[in-house]
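Peer 1: Sequence first, predicted model second:
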Amino acid sequence: GENVEQHPSTLSVQEGDSAVIKCTYSDSASNYFPWYKQELGKRPQLIIDIRSNVGEKKDQRIAVTLNKTAKHFSLHITETQPEDSAVYFCAPGGYGQNFVFGPGTRLSVLP
Amino acid sequence: NAGVTQTPKFRILKIGQSMTLQCTQDMNHNYMYWYRQDPGMGLKLIYYSVGAGITDKGEVPNGYNVSRSTTEDFPLRLELAAPSQTSVYFCASSDSRDPEAFFGQGTRLTVV
């Protein structure tokens, strides 16, 4: 099955700084690369995703970049705000097969 | 359109008791999943289903059973509850044409 790792496991940044979280995966057949955000006590929710035929996607302050050759993709958050504090999960896979989530990265944005 | 609905939200079980966690979705999704999340940890896949009548084991299936008799419902059964099953359980669904997973609000289960 898919082996998914995330780095770092915890990340603290000053408000306004940028944050980058990297997800590495093992299954070369993966063609869908989402990032989920889970706030404390709440359910995970999709924040951004990318398909395998695209190298980068941006949505306001967040972006995802994909390197299929190296089997990793990254979440980029610019101009971080306190409400960005949460746990972020990647879940690489195929269409309709979000079976395996990464271990998560806890982001803390310090005021 | 309620999305994914789980019941109950909270439950305390005694060791050895059994219960069923209910999950229903109204988005006509063919894929459904059960995850457990221990405190401060990630999501572990328990069971999943790719359509009515089809289920398969995930990473941590021991101590659980599922069924998928309809597209909408995917109940999770715990037999002989153990303290190690204390966790938050999330049900999720997705569609093969649009892979975004939609999660229920979770069930917080404590086994004492």
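Peer 2: The structure has been received and is ready for your questions.
Peer 1: Check which helix or strand the most centrally placed residue in chain B maps to.
Peer 2: With distances taken as C-alpha atoms, centre = their mean, chain B has B:W34 as the residue nearest its mean C-alpha position (3.2 Å). Secondary structure assignment for B:W34, by DSSP states H and E: strand B:31-37.
Peer 1: Can you list the buried residues in that strand?
Peer 2: The neighbour-count check on strand B:31-37 (16 or more other C-beta atoms under 10 Å in any protein chain shown) flags B:31-37 as buried. In short, each C-beta sits where N, CA and C put it, glycine included.
Peer 1: Parallel or antiparallel, which strands does the helix or strand just after it pair with?
Peer 2: Per DSSP H and E, strand B:31-37 leads on to strand B:43-51 as the next helix or strand towards the C-terminus. Partners of strand B:43-51 in the sheet, by DSSP bridges, are strand B:31-37 (antiparallel), strand B:54-57 (antiparallel).
Peer 1: so can I have CSV of the ones you listed showing distance to A:L75 and mean pLDDT?
Peer 2: Converted to CSV, the strands paired with strand B:43-51 look like this (distance: least, C-beta to C-beta, whole Å; pLDDT from 0 to 100):
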stretch, distance to A:L75, mean pLDDT
strand B:31-37, 20, 96
strand B:54-57, 29, 94
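Peer 1: Output these as a markdown table; include the columns distance to B:N65.
Peer 2: Compiled in a markdown table, the strands paired with strand B:43-51 are given as follows (distance: least, C-beta to C-beta, whole Å):
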| stretch | distance to B:N65 |
| --- | --- |
| strand B:31-37 | 10 |
| strand B:54-57 | 9 |
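Peer 1: And for B:V66, nearest residue in space, chain neighbours not counted?
Peer 2: Nearest-residue entry for B:V66: B:Y47, 4.4 Å, with adjacent residues in sequence omitted and distances by C-beta to C-beta, 6 or more residues apart in numbering or on different chains.
Peer 1: Can you point out the buried residues in the lowest-mean-pLDDT helix or strand in chain B?
Peer 2: Within chain B, confidence by mean pLDDT, DSSP states H and E is lowest for strand B:98-103 among all helices and strands, at a mean of 89. Within strand B:98-103, the residues that count as buried by 16+ other C-beta under 10 Å are B:99-103.
Peer 1: returning to what we had before: right, and the strands paired with strand B:43-51 - which one's nearest A:T69?
Peer 2: strand B:31-37 (28.4 Å; C-beta to C-beta).
Peer 1: Kindly calculate the angle that that closest one makes with strand B:98-103.
Peer 2: What separates the directions of strand B:31-37 and strand B:98-103 is an angle of 40 degrees, with axes from the mean of the first three to the mean of the last three C-alpha atoms, to 10 degrees.
Peer 1: residues in contact with strand B:31-37?
Peer 2: Residues outside strand B:31-37 that contact it (C-beta atoms under 8 Å, 6 or more residues apart in numbering or on different chains): A:96-99, A:101, B:21, B:23, B:25, B:43-51, B:58, B:60, B:64, B:66, B:68, B:74, B:76, B:85, B:87-96, B:101, B:106.
Peer 1: hmm, back to that, which one of the buried residues of strand B:31-37 is nearest to chain A?
Peer 2: Distance ranking of the buried residues of strand B:31-37 against chain A, using C-beta to the nearest C-beta, places B:Y31 first at 4.8 Å.
Peer 1: Hmm, B:C91 is touching B:T7, no?
Peer 2: No: because the distance of 10.1 Å does not satisfy C-beta atoms under 8 Å, B:C91 is recorded as not touching B:T7.
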